[in-house]
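**Q** this one's structure only:
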């Protein structure tokens with residue numbers, strides 16, 4: 001529009017306008033405030049978009065970290081259960097070998113464990129018959 005007007009104005013003077021370029025524009029005061037307000041609003045929108053993208057990326061990282069934690073904990077629990085099972089199997093094998101070598105000692109050992117379990121804690125009162133098998137090793 002500006003180039004067209006400049007050409008029309010220059011023709012009667014014998015000039016030909018090829019190109020018009022603006023170096024600076026001065027807005028009227030009432031337009032300047034609105035223009036700056038639009039510019040601020042655009043920058044605020046771009047900033048909000050960046051914040052939203054950052055929060056989305058942070059959420060993805062947190063979700064991945066939570067998933068990794070769950071996977072690692074469940075793998076550790078699985079390995080712990082396997083180790084407990086193997087230890088229980090070894091303990092049972094040792095008990096079976098001990099029982100096979102000396103059944104009477106093994107019975108004595110199990111009775112001691114039963115006494116310890118029964119008398120643990122604050123309440124160590126038991127009501128039992130005097131001829132109960134629980135007292136077999138205490139009578140000797």
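**A** Yep, it's here. All values reported here derive from a predicted model rather than from experimental measurement.
**Q** contacts and neighbour counts: CA atoms only from here.
**A** Fine.
**Q** what residue is smack in the middle of the protein?
**A** Among the residues of the chain, residue 66 comes closest to the average C-alpha position under CA atoms, centre = their mean, at 2.3 Å.
**Q** what residues are up against that one?
**A** Not one residue lies near residue 66 by CA atoms under 8 Å, 6 or more residues apart in numbering.
**Q** what separates it from residue 56, distance-wise?
**A** According to CA to CA, to the nearest Å, residue 66 and residue 56 sit 15 Å apart.
**Q** returning to that earlier point: find me the pLDDT at the residue nearest to the centre of the chain, would you?
**A** At residue 66, the model reports a pLDDT of 97.
**Q** How far does the one helix or strand it maps to sit from its chain's centre?
**A** Using DSSP states H and E, residue 66 maps to helix 29-101. Counting by CA atoms, centre = their mean, to the nearest Å, helix 29-101 is centred 3 Å from the centre of its parent chain.
**Q** And the pLDDT at residue 42?
**A** As predicted, residue 42 sits at a pLDDT of 96.
**Q** what's around it, how many residues?
**A** The tally of other residues near residue 42 (other CA atoms under 10 Å) stands at 12.
**Q** what sits against it?
**A** Under the criterion of CA under 8 Å, 6+ apart, residue 42 has no contact partners.
**Q** quick one: it and residue 23, what's the gap?
**A** Residue 42 sits at a distance of 23 Å from residue 23 (criterion: CA to CA).
**Q** likewise residue 101?
**A** Counting by CA to CA, the gap from residue 101 to residue 23 is 106 Å.
**Q** Could you do residue 58 as well?
**A** In terms of CA to CA, residue 58 sits 44 Å off from residue 23.
**Q** Look at these two and report which has more neighbours.
**A** Neighbours were tallied for residue 58 and for residue 23 using other CA under 10 Å; the higher tally belongs to residue 58 (12 against 5).
**Q** per-residue confidence for the more buried one?
**A** Note on residue 58: pLDDT of 97.
**Q** go on, residue 138?
**A** On the pLDDT scale, residue 138 is placed at 64.
**Q** neighbours of residue 16, just the number please.
**A** Residue 16 has 13 nearby residues by other CA under 10 Å.
**Q** That one: what's it in contact with?
**A** 7, 10 are the contacts of residue 16 under CA under 8 Å, 6+ apart.
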